[in-house]
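Trainee: model this:
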Amino acid sequence: QVQLVESGGGLVQPGGSLRLACAASGRTFSPYAMGWFRQAPGKEREFVGAITWSRGTTYYTDSVKGRFTISKDNAKNTVYLHMNSLQSEDTADYHCAGRYSGGNLVNPRNYDYWGQGTQVTVSS
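Mentor: Okay, the predicted model is just below:
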């Protein structure tokens, strides 16, 4: 069983930056990919981006391209979400998730394990 723990959320002003971290522990950690999703109140869970664990190939939803970057530290079993130029629309609960196999990285149903989430609030 893999456990994921997110950290780094908080309150930030528009235009500011945050770095979220997702640390994995438990059984041998060797995912195919790690994803970041977010969910705002009253909205469905939304794909933010993903990174393949072996090659480090990244994918992003259009609304965060050029502002968000996903990176990883294999030695620490940790994936990061670097968020710049934050906007009020980015306010949400952010979750990381992992999956064992390839395929569609956008659909949250394709992920095998999830973290509990960390809240990001962008407000002046």
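
Trainee: low pLDDT regions in this protein?
Mentor: For the chain, no stretch is flagged by pLDDT under 70.

Trainee: show me where it has strands.
Mentor: Along the chain, counting by DSSP state E, strands occupy 2-7, 10-12, 18-26, 33-39, 46-52, 58-60, 68-73, 78-83, 92-99, 113-114, 118-122.

Trainee: How far off centre is the shortest one?
Mentor: So the one you mean is strand 113-114. Remark: strand 113-114 is offset 11 Å from the chain centroid, using C-alpha atoms, centre = their mean, to the nearest Å.

Trainee: Direction included, what does that strand pair against?
Mentor: If you go by DSSP bridges, strand 113-114 pairs up with strand 92-99 (antiparallel).

Trainee: could you give the angle of the partner strand to strand 2-7?
Mentor: With axes from the mean of the first three to the mean of the last three C-alpha atoms, to 10 degrees defining the directions, strand 92-99 sits at 150 degrees from strand 2-7.
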